[in-house]
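[1] this one's sequence-less:
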């Protein structure tokens, strides 16, 4: 089947992604010297960092849960293709290749630089106030199961294998488990934490966002271990 319309022509003129892409384009221009230092002009070709960051922006905006689902949507949605910079017949990336390239890109401070470049645009448009701010924390569930939360030796910090409880591996009734005596074998930095007394405790982190109240823009963020004083410490 032939189509004479480009991906851009399929995006409505008033679609929010158009103004967002303009901001992203300006931020990426500032990051071009950083990309030149990170990526060699020789060797095996990789995903262009500009396209990688564009795809990550879409993943956040549309709350796409995984790289596999992101690639599926990028393959089928012309708005996504246009935003990232792919033509209608360009192949999308393998999810594992995308993940590896993402980790390589984010190991440095590229994400922070990108965020700072977007903030500079907001400040230039007089959209940031230095007077009124709010800090909000939210639980971010770790990719670790309750079964991975095992006792540790207080002296060495190493995990020791407990006896399997009568109820099986998933039955924790009758066990005293705390962050002082247990650690996750999958994600040792995750902490057992609950929102309230009536809520189930989960292995998680705390994400903290600083927002400017006048226009509701996020101006900073940090991830910490979950704890009762984490929000004040952040």
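    Received, thanks. Please read all numbers here as calculations on a predicted model, not as lab measurements.
[2] for the protein, what spans make up the helices?
    16-38, 49-61, 67-76, 78-84, 95-106, 110-124, 230-233 (DSSP state H).
[3] Indicate which one of those is closest to residue 180.
    helix 230-233 (16.0 Å; C-beta to C-beta). C-beta: built from backbone N, CA, C; applies to glycine.
[4] What about residue 56, how many residues nearby?
    Per other C-beta atoms under 10 Å, the neighbour tally for residue 56 reads 20.
[5] typo on my end, it should be residue 144
    By other C-beta under 10 Å, 18 other residues sit near residue 144.
[6] Give me the phi and psi for it.
    Note on residue 144: its backbone torsions stand at phi -150, psi 140 [degrees, to the nearest 10].
[7] could you measure it against residue 180, distance?
    Per C-beta to C-beta, to the nearest Å, residue 144 is found 18 Å from residue 180.
[8] Same check on residue 223?
    Counting by C-beta to C-beta, the gap from residue 223 to residue 180 is 22 Å.
[9] between the two, who's got more neighbours?
    Set residue 223 next to residue 180 and count neighbours by other C-beta under 10 Å: residue 223 wins out with 12 against 8.
[10] okay, the closest residue to residue 94 other than its chain neighbours: pLDDT?
    Among residues not flanking residue 94 along the chain, residue 71 sits closest, at 7.5 Å (C-beta to C-beta, 6 or more residues apart in numbering). Residue 71 is assigned 95 on the pLDDT scale.
[11] do the same with residue 137
    So residue 137 comes in at 85 (pLDDT).
[12] wait, doesn't it sit right on residue 208?
    Yes. Counting by C-beta atoms under 8 Å, residue 137 touches residue 208, with 4.9 Å between them.
[13] give me the low-pLDDT residue ranges for the chain?
    Within the chain, the ranges that satisfy pLDDT under 70 run 1-3, 154-175, 230-234.
[14] Check the gap between the residue nearest in space to the middle of it and residue 24 for me.
    Centroid-nearest residue in the chain, with C-alpha atoms, centre = their mean: residue 60, separated by 7.1 Å. Relative to residue 24, residue 60 is positioned 12 Å away (C-beta to C-beta).
[15] ok, now residue 35?
    Taking C-beta to C-beta as the measure, residue 35 falls 14 Å from residue 24.
[16] Next: residue 76.
    Taken as C-beta to C-beta, the span from residue 76 to residue 24 is 21 Å.
[17] buried stuff in stretch 139-156?
    For stretch 139-156, burial by neighbour count (16 or more other C-beta atoms under 10 Å) applies to 142, 144, 148, 149, 150, 152.
[18] which ones are touching the second one?
    If a contact means C-beta atoms under 8 Å, 6 or more residues apart in numbering, then residue 144 has 184, 186, 187, 190, 203 as its contacts.
[19] Would you format the buried residues of stretch 139-156 as TSV with distance to residue 121 included?
    Formatted as TSV, the buried residues of stretch 139-156 follow (distance: C-beta to C-beta, whole Å):
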residue	distance to residue 121
142	33
144	37
148	42
149	43
150	47
152	47
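[20] Tell me, how many residues neighbour the closest residue to residue 39 other than its chain neighbours?
    Nearest residue to residue 39, sequence neighbours excluded (C-beta to C-beta, 6+ apart): residue 49, at 6.6 Å. As a burial measure, residue 49 scores 21 neighbours (other C-beta under 10 Å).
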